[in-house]
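Colleague: What would the 3D arrangement of this be:
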Amino acid sequence: MPSMTLRLGLLLALVLPNMALAETTPLNVPILMHGSIGDDACPEKGRVVEVGSEPDSFLPVQSGPGEAPFREIGRLHDGDMVTVCEKLGLWLGVVYGSATLGCQTTILVPVEQTYTGRCDHGWVMARNVNVDPK
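Modeller: Residues are numbered from 1 along each chain as shown. Predicted structure coming up:
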């Protein structure tokens, strides 16, 4: 029968790597829809621009407004349309996809709340999105 010290050592060997992994797992930063009576929750539209001329060029969609520790969760290409819900520094919180009509970004929300619609969403660099004026 293994000694208590050996069993404790085995337990720590199994638990510590998992704890380190949990600390490095990227966090997701939710996109907020700013509440306002009489206005759409995400009123601005934009088009992805200046990503690159190569066929495999893309604009990464991040899980938060920044690079590390956030991860890539999607990709957009030149000409793709997005709905802008939030601006945070150099980053935009966007909703995107082929069926943006059902994305629930044109609803009226009286108070600020997290986007919970069914469409793809994430954070992109603002310099790569040409936002249409209201």
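Colleague: What helices and strands are in contact with the longest strand along the chain?
Modeller: What stands out as the longest strand in the chain, according to DSSP state E, is strand 81-88. Packed against strand 81-88 by the contact rule (3 or more C-beta pairs under 8 Å, 6 or more residues apart in numbering; DSSP states H and E) you find strand 32-33, strand 44-48, strand 91-96, strand 120-125, strand 129-131. For the C-beta atoms, the positions are set from N, CA and C on the backbone; glycine is no exception.
Colleague: Between those, which one is closest to V84.
Modeller: strand 44-48 (4.1 Å; C-beta to C-beta).
Colleague: Tell me what angle the closest one forms with strand 91-96.
Modeller: 90 degrees (axes from the mean of the first three to the mean of the last three C-alpha atoms, to 10 degrees).
Colleague: quick one: low-confidence parts of this structure?
Modeller: Scanning the chain with the threshold set as pLDDT under 70 gives 1-27, 38, 99-101, 133-134.
Colleague: Number of residues surrounding N28?
Modeller: 14 (other C-beta atoms under 10 Å).
Colleague: Which helix or which strand is home to it?
Modeller: For N28, there is no host helix or strand (DSSP states H and E).
Colleague: List the contacts of the residue lying closest to it once chain neighbours are set aside.
Modeller: For N28, ignoring the flanking residues on the chain, the nearest one in space by C-beta to C-beta, 6 or more residues apart in numbering is S63 at 4.6 Å. Residues in contact with S63 (C-beta atoms under 8 Å, 6 or more residues apart in numbering) are 26-29, 70-73, 122-123.
Colleague: Which one (most neighbours) among these?
Modeller: G122 (26 neighbours).
Colleague: my guess is it meets Q62, correct?
Modeller: Yes: if you go by C-beta atoms under 8 Å, G122 and Q62 touch, sitting 5.8 Å apart.
Colleague: who touches both of the two?
Modeller: Residues touching both G122 and Q62 (C-beta under 8 Å, 6+ apart) are I73.
Colleague: sorry, back to before: can I get the helices and strands packed on strand 81-88 in JSON lines including distance to M81?
Modeller: Output for the helices and strands packed on strand 81-88, formatted as JSON lines (distance: least, C-beta to C-beta, whole Å):
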{"stretch": "strand 32-33", "distance to M81": "18"}
{"stretch": "strand 44-48", "distance to M81": "6"}
{"stretch": "strand 91-96", "distance to M81": "7"}
{"stretch": "strand 120-125", "distance to M81": "12"}
{"stretch": "strand 129-131", "distance to M81": "10"}
